[in-house]
Structure formats: C-alpha cells, structure tokens
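> Dropping the sequence and predicted coords here.
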Amino acid sequence: MDDQNKNLILATALSFLVILVWFVLFPPPEPEQAPQETAVTSTEGEVALAPSAADTTAAGTTAALEAEVEAEAEAPRVKIDTPRLTGSISLLGGRIDDLSLKDYRVSLAEDAEIVKLLSPVGSQSAYYALYGWAPSAGLTGQDVPGPNSVWALEQGETLGVDNPITLAWSNDNGLTFRRTISVDPDYMFSVTQSVENTSQAGASMAPYGILARHGMGEDADLPELKNFFILHEGVINMTDGTLTEIDYGDVRDFDIDPNERAQAEVFQVKENGWIGFTDHYWMTTLIPAEGGNFKSAAKYDAHRKIYQAETVLPTLTVAPGETAEVTTRLFAGAKEWETIREYQDEGVQKFIDSIDWGWFFFLTKPIFWLLHNINVLIGNMGWSIIGLTLIIKAILFPLAFKSYVSMAKMKELQPQMEALKEAAGDDRQKMQQGMMELYKKEKVNPAAGCLPILLQIPIFFSLYKVIFVTIELRQAPWFGPFRDLSAPDPTSILNFFGWLPWAGPQPESLMALIFIGILPLLLGISMWLQQKLNPAPTDPTQAMIFAWMPWVFMFMLGSFASGLVVYWIANNTITFTQQYLIMRSQGYTPDVFGNIKSGFKRTPKTDDK
C-alpha cells in the first residue's frame with residue numbers, strides 16, 4: 001500500500017473519530033420536555049423551607065408530603081383563563097400551581113398538548129408560586145396563613161384579563177388577610193397582599209413570595225433539564241443591576257445558612273431586583289415593587305429535594321384599626337424577546353437579560369434584534385436568516401474587499417515567490433527576508449486574508465446561541481420539510497431526502513449522523529466549491545487536510561440547528577461570489593473548473609525500486 005492510500009485511510013479514520021468525539025463532548029440537545037413545580041412554607045421570624053423540610057427525618061418528610069398531596073387533590077380551585085394562559089389556583093395556600101401556555105405545544109405533532117409550566121404537588125415535577133406572611137414579634141405561625149391554609153374566594157369567579165379575584169383568610173385574633181390576584185394579556189400576574197387589623201394590639205409581619213420546584217421522582221435531585229453546555233437552567237437573579245446565574249447543582253452546594261436553616265444564598269436588594277427559575281424557553285420570576293429594600297434568596301431543601309427562589313419584603317407593623325398592603329408581580333410564561341422588552345420598558349430592571357445571551361452578548365443581542373426585525377418584515381424565519389447573512393456580509397464587505405485584493409496580489413506574486421525559494425535554497429532566513437521585502441515593495445499584507453475568517457468565528461457562535469436559545473426560533477418553519485429551524489435537518493440521504501416511501505433515522509441516532517440531510521450536504525458542497533477558488537496547496541499534508549475539511553465539517557454540523565446550517569450555506573455562497581468577483585477585478589481570475597479537475601486527477605505512483 002503506497003503512502004497516499006495510507007494517508008487517505010488515516011484521514012478517513014481521523015475524520016470519523018473527530019465526529020464521534022464531538023458528539024460525546026457536545027451532544028445535541030435532547031427533545032424538549034414540558035416544565036415542572038414545587039412546595040414550600042414559613043416559620044417564625046423568617047421565611048424558610050416547607051414546615052417540615054429542614055427539621056424532620058426523611059420518613060416524617062415523606063408522610064407530610066403524602067398528606068399535602070392528598071389535601072391538594074381535595075382543595076377547591078379557581079380557574080385561570082386568558083388569551084394566552086389556562087390553568088387554576090388552588091385555595092390550599094392560595095397557590096398558583098396549575099398553568100399552561102396556550103400558544104405553545106410540546107411538539108409539532110397535530111395532537112400535541114400545550115406546554116404546561118406549573119404543576120401542583122403530587123405531579124411528576126411539582127412547580128408553583130406561593131405567597132404569605134412571616135410572623136414577627138408577638139405573633140406565631142398560627143396567626144398567619146400558611147402554605148396549607150385553606151382560603152375562601154371572596155370576589156370573582158375566574159381569573160382573567162380585567163377580571164381579578166380576591167381570596168380571604170382570617171384568624172381568631174382579629175387579623176384578616178386578603179390576596180388580590182390579577183393578570184395582564186401576556187404572562188404577568190400582580191399579587192396584592194393585605195392585612196386588616198381589627199384587634200386591640202399591633203401586629204408585625206413580613207410579606208414574602210416563593211417559587212418552589214421539586215426534583216424529578218423520589219431519588220432525583222434535579223428538575224428535568226436539557227443539560228446542554230451553552231444553556232443556563234436554574235436560578236436567575238438580578239440585584240441592583242447585577243445579574244447572577246446559579247445552576248441547580250451549585251444551589252445544592254450552598255453552605256447551610258443558620259438564619260435560613262437551609263442551604264441558601266441570600267441577596268440584599270436596595271432598589272430594584274427580581275429572582276426566579278429559568279428553563280430553555282420558559283421562566284418564572286418574582287418581581288417586587290421598584291425602589292423597595294428587600295431580600296431575595298436561592299435555597300435547597302435536601303430532605304424534600306425542593307429548590308426555592310424567594311423574596312422577603314421588610315416587616316410591616318399594622319396598628320389596631322389599620323390595614324397594610326404590598327404588591328408583587330409574578331412573571332410566568334415564555335421568554336419572548338418582545339414581551340420581556342415591554343416589561344423592561346415598564347420598569348423591570350434589565351429584564352431582557354433573563355434571556356441567556358451568553359459571553360458574546362454584545363453580538364448576540366444586536367444579531368437577534370436584526371433577525372427579529374427582518375422576520376417582522378418577511379414573515380419567514382428561514383428567509384430572514386438568509387437576509388441576516390446578506391446584511392452581515394455587507395457590513396464586513398470593506399474588510400473582505402481588502403482581504404481578497406490582498407489574496408489576488410499574492411497570486412500575482414507567485415512566480416516571484418517561487419524564484420525567491422529557488423534562490424534561497426535551504427536558507428530559510430534568507431527566504432523569509434526576501435519574502436518580507438517583496439511584500440513591502442508590492443504593499444501586500446499576507447495576514448489580510450485571515451481577517452474575515454477570524455471575524456466569522458464569534459459571529460458563528462453568536463448566531464448559534466441566538467438560534468438555540470431564543471424562543472422565536474422554536475418550531476419556526478421555513479418551507480417543505482423544514483418545520484423547525486431550531487432542530488436538525490429532518491431529511492436524510494437514507495430515503496433520498498423524503499422522495500422514497502420510508503422514514504429517515506431518528507435525529508438523535510448515530511444513523512442520522514451518517515445518513516445526513518440535504519442541508520449538511522449543501523454545506524459540504526459550498527465549502528468545497530469555496531476551496532476551489534484557489535489551487536490545492538503544494539504540500540501533500542496540507543492538501544489532504546484541505547481536501548477533507550469540507551466533508552468533516554459537513555458531518556460535524558449535520559446535527560446542528562438547521563437554521564444555523566442555512567446561515568452557513570448562505571455565508572459560503574456569498575463569500576464565494578464576493579471572492580470570485582473581487583479577485584477577478586484585480587486581474588486574477590480564479591480557475592475554479594481547472595482546480596476542480598486537478599482535484600480528481602490521480603497522483604502518479606512513484607517507483608520505490
């Protein structure tokens with residue numbers, strides 16, 4: 001076997017090894033699942049985890065949870081019905097624990113259910129919002145409504161836009177608590193808690209709000225996650241302009257806070273802030289009123305496997321005959337850029353940062369803004385991605401022009417460079433000095449060709465982040481079989497891209513990696529054609545690497561979001577056109593067909609005798 005064949009076999013093996021290692025290190029995101037939920041409580045003095053969460057044995061905790069599940073199932077409910085939300089509120093604790101999003105379905109199947117965001121205790125992944133009062137001096141836990149207190153519906157029948165409801169609860173000592181809940185046309189609830197004191201003594205207590213989320217199953221420590229390396233899932237907190245993202249695993253590693261009697265991280269907010277849980281596309285967030293001094297915290301109850309995000313407002317003292325109230329907002333819904341931006345404009349500080357823009361936020365934010373506005377005009381996200389590519393290439397055109405002009409001049413200098421190499425012989429220093437003098441004389445920058453490539457790297461990763469993270473790309477159709485640009489190409493060579501009467505392999509399978517779709521194939525061809533603008537390198541090793549690179553990338557990017565592959569194909573096509581026309585305008589006409597033909601020529605065998 002000659003060296004060329006050995007190298008070919010080695011390159012093939014290495015290419016597939018690179019692909020397999022890539023999928024081990026960076027597996028494609030798992031199919032999206034619907035969200036989850038949680039339980040919680042208060043104790044004297046401070047808001048803490050559910051009554052028995054931190055101070056009971058595992059057996060006692062299990063019994064308490066079973067009793068809570070039974071009580072929850074029997075509790076009366078108040079229906080939630082808005083243009084975008086459906087669900088109900090349990091009168092057990094007044095919990096907002098049943099919420100689904102009418103505009104989103106769990107899959108593209110015709111009979112797919114709508115996405116469920118919040119679920120009550122006892123469901124597979126409990127996740128809910130709870131409000132209450134932490135008793136202060138002179139009061140006990142019996143004097144304030146707890147998470148298991150049964151409230152009465154005092155006003156309203158169904159919670160809807162312009163149809164608030166009011167819940168009421170009274171103790172035996174002259175305190176009446178009310179909770180008025182309203183909701184806007186999108187995803188923002190307003191919760192006004194009030195306490196009326198008809199007793200003869202003052203009463204002090206601190207209002208709080210809690211988001212609680214259970215782990216999956218009896219032995220699971222985590223909610224159901226996608227666990228993709230570029231995506232943050234967990235606690236998200238804004239404290240006076242500083243954003244903090246905390247993974248669920250890091251919450252479990254918190255030290256025990258003696259004041260909270262739980263594993264906790266506490267944030268003191270002086271002016272503005274919010275805290276909650278974020279998923280891939282969905283989020284719940286507690287938002288106290290602006291300008292108020294309050295405390296937010298992220299907690300974990302190891303006994304019950306409950307994650308908790310909470311806000312505790314300053315203690316209020318209610319004199320006899322007086323009433324005190326406080327209002328907190330709750331966002332529970334989809335992380336839509338336009339909707340969240342409107343809430344930010346209304347005063348929710350840096351709310352747009354609840355979307356995971358990543359390290360390249362200075363690129364991802366403007367890229368998404370541009371893509372969003374193009375889509376508003378066009379109405380199709382696939383064509384909008386191509387339009388975005390055209391605009392990005394237009395912005396980078398001055399650099400590209402200089403680069404390709406430099407490359408054309410380098411081609412013109414090729415005979416002089418070859419002469420320098422022959423004159424220098426084995427003296428590399430003499431050859432490099434001659435090259436530098438030639439570049440200086442002809443005003444050529446050999447590094448100029450690298451600039452467009454270097455700029456494409458952060459843009460590529462930023463667009464990948466935008467396509468993967470933003471909900472606007474979720475289930476966004478293009479045409480024909482491309483019904484979700486955030487998912488991999490659904491077509492396959494195995495069924496001739498849908499022309500043959502059998503299904504292609506599952507997107508997550510190894511077969512899908514091998515029998516790629518039409519978009520990755522076009523990506524490989526476009527990269528290959530772009531290479532053919534220049535002759536193959538004279539060095540055999542470099543030539544082999546360049547020859548295999550398009551096809552390795554074809555397989556590596558085959559499982560990426562199809563929207564990203566569309567961008568890369570469009571980018572390659574525009575780059576090819578720009579480079580060809582610019583180099584031709586400078587007197588050098590790339591011999592594309594000649595370079596293609598030379599690539600198919602067999603290398604003559606050498607006689608080793």
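Cool, got the structure.

> Just the element for residue 298, please.
strand 294-301 (DSSP states H and E).

> Need the CA coordinates for that strand. CSV is fine.
In CSV, the C-alpha atoms belonging to strand 294-301 read as follows (Å, rounded to 0.1, in the frame of the first residue of the first chain):
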residue,chain,number,x,y,z
PHE,A,294,-35.9,43.6,50.2
LYS,A,295,-34.1,40.3,50.4
SER,A,296,-34.0,37.6,47.7
ALA,A,297,-32.6,34.1,48.2
ALA,A,298,-32.0,30.8,46.4
LYS,A,299,-32.4,27.7,48.6
TYR,A,300,-32.4,24.0,48.6
ASP,A,301,-34.2,21.6,51.0
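
> for it, packing partners?
In terms of contacts (3 or more Cβ pairs under 8 Å, 6 or more residues apart in numbering; DSSP states H and E), strand 294-301 is packed against strand 234-239, helix 248-252, strand 262-269, strand 273-278, strand 306-312. Heads up, the C-betas are built off the backbone N, CA and C, glycines and all.

> Would you map out the domains in this protein?
41-351, 365-600 (automatic domain parsing).

> With respect to residue 357, which of those domains lies nearest?
domain 365-600 (5.7 Å; Cβ to Cβ).

> what about that closest one, average pLDDT?
The pLDDT scores in domain 365-600 average 82.

> Next: stretch 78-86.
97.

> neighbouring contacts of that stretch?
Contact partners of stretch 78-86, identified using Cβ atoms under 8 Å, 6 or more residues apart in numbering, comprise 87-89, 91, 96, 98-103, 114, 153, 156-161, 165, 167, 183, 185-187, 333.

> swap in stretch 456-463?
So stretch 456-463 is contacted by 358, 360, 363-364, 367, 388, 392, 564, 567-568, 571 (Cβ under 8 Å, 6+ apart).

> Of the contacts of stretch 78-86, which qualify as buried by neighbour count?
Buried members of the contacts of stretch 78-86, scored by 16 or more other Cβ atoms under 10 Å, are 87-89, 91, 96, 98-101, 153, 156, 159-160, 165, 167, 183, 186-187, 333.

> just to revisit the earlier point, centre of the chain to the strand holding residue 298, how far?
Counting by Cα atoms, centre = their mean, to the nearest Å, strand 294-301 is centred 23 Å from the centre of its parent chain.

> My read is that residue 72 contacts residue 92, right?
Yes: in this structure, residue 72 is within contact of residue 92 by Cβ atoms under 8 Å, at 5.6 Å.

> Please identify which helix or strand holds residue 357.
Counting by DSSP H and E, residue 357 is held by no secondary-structure element, helix or strand.

> Residue 421 belongs to a helix, doesn't it?
Yes: using DSSP: H, G, I helix; E, B strand; the rest coil, the assignment for residue 421 is a helix.

> Which residue, other than its chain neighbours, is closest to it?
What sits nearest to residue 421 in space, not counting adjacent residues and going by Cβ to Cβ, 6 or more residues apart in numbering, is residue 431, at 6.0 Å.

> Could you look up the SS state of the one you found?
Residue 431 is classified as helix under three-state DSSP.

> residues contacting the most centrally placed residue in the chain?
Nearest to the mean C-alpha position of the chain, counting by Cα atoms, centre = their mean, stands residue 469 at 3.3 Å. Residue 469 makes contact with 230-231, 280, 355-358, according to Cβ under 8 Å, 6+ apart.

> Of those, just the buried ones, ChimeraX syntax please.
Command for ChimeraX that selects the buried part of the contacts of residue 469, burial taken from 16+ other Cβ under 10 Å:
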select :231,280,355,356,357,358
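
> And the helices in the stretch 401-550 of the chain?
For the stretch 401-550 of the chain, the helices defined by DSSP state H, counting those that start in this stretch occupy 414-424, 428-442, 451-469, 510-514, 518-531, 540-556.

> Looking at the ones you listed, which is nearest to residue 497?
helix 518-531 (4.8 Å).

> Give me the distance from the closest one to the chain's centre.
Worked out by Cα atoms, centre = their mean, helix 518-531 lies 28 Å from the chain centre.

> Same question for stretch 557-575.
With Cα atoms, centre = their mean, you get 20 Å for stretch 557-575.

> What of stretch 468-486?
With Cα atoms, centre = their mean, you get 14 Å for stretch 468-486.

> can you pull the buried residues of it?
Result for stretch 468-486 [16+ other Cβ under 10 Å]: buried residues 468-476, 478, 481-482, 484-486.

> repeat for stretch 386-405
Within stretch 386-405, judged by 16+ other Cβ under 10 Å, the buried ones are 386-389, 392-393, 396, 400, 402-405.

> What of stretch 364-382?
Under 16+ other Cβ under 10 Å, the buried positions of stretch 364-382 are 364-365, 367-368, 370-372, 374-375, 380-382.

> Output that stretch as CSV, restricted to C-alpha atoms.
Only the C-alpha atoms of stretch 364-382 are listed here, as CSV (Å, rounded to 0.1, in the frame of the first residue of the first chain):
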residue,chain,number,x,y,z
THR,A,364,-26.0,38.1,20.2
LYS,A,365,-28.2,41.0,21.3
PRO,A,366,-27.8,43.0,18.1
ILE,A,367,-27.9,39.9,15.9
PHE,A,368,-31.2,38.8,17.4
TRP,A,369,-32.6,42.4,17.2
LEU,A,370,-31.7,42.5,13.5
LEU,A,371,-33.0,38.9,12.8
HIS,A,372,-36.3,39.7,14.7
ASN,A,373,-36.9,42.9,12.7
ILE,A,374,-36.1,41.2,9.4
ASN,A,375,-38.6,38.5,10.3
VAL,A,376,-41.3,41.1,11.1
LEU,A,377,-40.9,42.4,7.5
ILE,A,378,-40.6,39.0,5.8
GLY,A,379,-42.7,36.7,8.0
ASN,A,380,-40.5,33.7,7.5
MET,A,381,-37.5,32.9,9.8
GLY,A,382,-35.6,30.8,7.1
